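In: Structure of the sequence below:
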Amino acid sequence: MSGGIHIRLSQKDASHVAEVGSSAGSFIGTIIGGLLTKNANAAAGVGLLVSTAISHVYWNEQNSNGSLDIWIPYKSIAKKAIYQPTSVKIGKHWYPI
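Out: Residues are numbered from 1 along each chain as shown. A predicted model of the protein is given here:
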């Protein structure tokens, strides 16, 4: 990877977001994306990536302590901002978004 965002959600945060649904994940991701990118489209892209990631694969990709690692390359954020297919690494696997 050539840089990106690494998000580590604690066990409490990850399981709460997974149970509450994609709206919470989207909110968290959009805030993180907005703080790091200062671009509305990129922030929305990060929000979509985080919410999709958590809602679809948390139970399979959680760490042994229940936390969750998400890696979003800058290239993936740029692609999502212009509505192109992309991927995100969750745990040890890459997932198309």
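In: Flag every buried residue along stretch 4-18.
Out: Residues of stretch 4-18 classed as buried: 4, 5, 7, 9, 13, 14, 15, 17, 18 (neighbour count, 16 or more other C-beta atoms under 10 Å). The C-beta positions use only the backbone N, C-alpha and C, and glycine is treated the same way.
In: From those, which land in helices?
Out: Per DSSP state H, helices hold the following members of these: 13, 14, 15, 17, 18.
In: between the buried residues of stretch 4-18, which is closest to residue 59?
Out: residue 18 (7.2 Å; C-beta to C-beta).
In: Quick check: pLDDT value at that closest one.
Out: For residue 18, the pLDDT comes out at 70.
In: And it, how far from residue 58?
Out: 4 Å (C-beta to C-beta, to the nearest Å).
In: quick one: the strands in this protein?
Out: 4-9, 68-73, 87-90, 93-96 (DSSP state E).
In: quick check: angle from the second one to strand 4-9?
Out: Following axes from the mean of the first three to the mean of the last three C-alpha atoms, to 10 degrees, one obtains 170 degrees for the angle between strand 68-73 and strand 4-9.
In: who does strand 68-73 touch, helix- and strand-wise?
Out: strand 4-9, helix 40-61, strand 87-90 (3 or more C-beta pairs under 8 Å, 6 or more residues apart in numbering; DSSP states H and E).
In: And the average pLDDT for stretch 87-97 is what?
Out: On average, stretch 87-97 scores 83.
In: hey, which helix or strand in the chain has the poorest pLDDT?
Out: Lowest on mean pLDDT, DSSP states H and E among the helices and strands of the chain sits helix 22-37, with a mean of 66.
In: Tell me who's in contact with residue 89.
Out: 70, 71, 72, 73, 95 (C-beta atoms under 8 Å, 6 or more residues apart in numbering).
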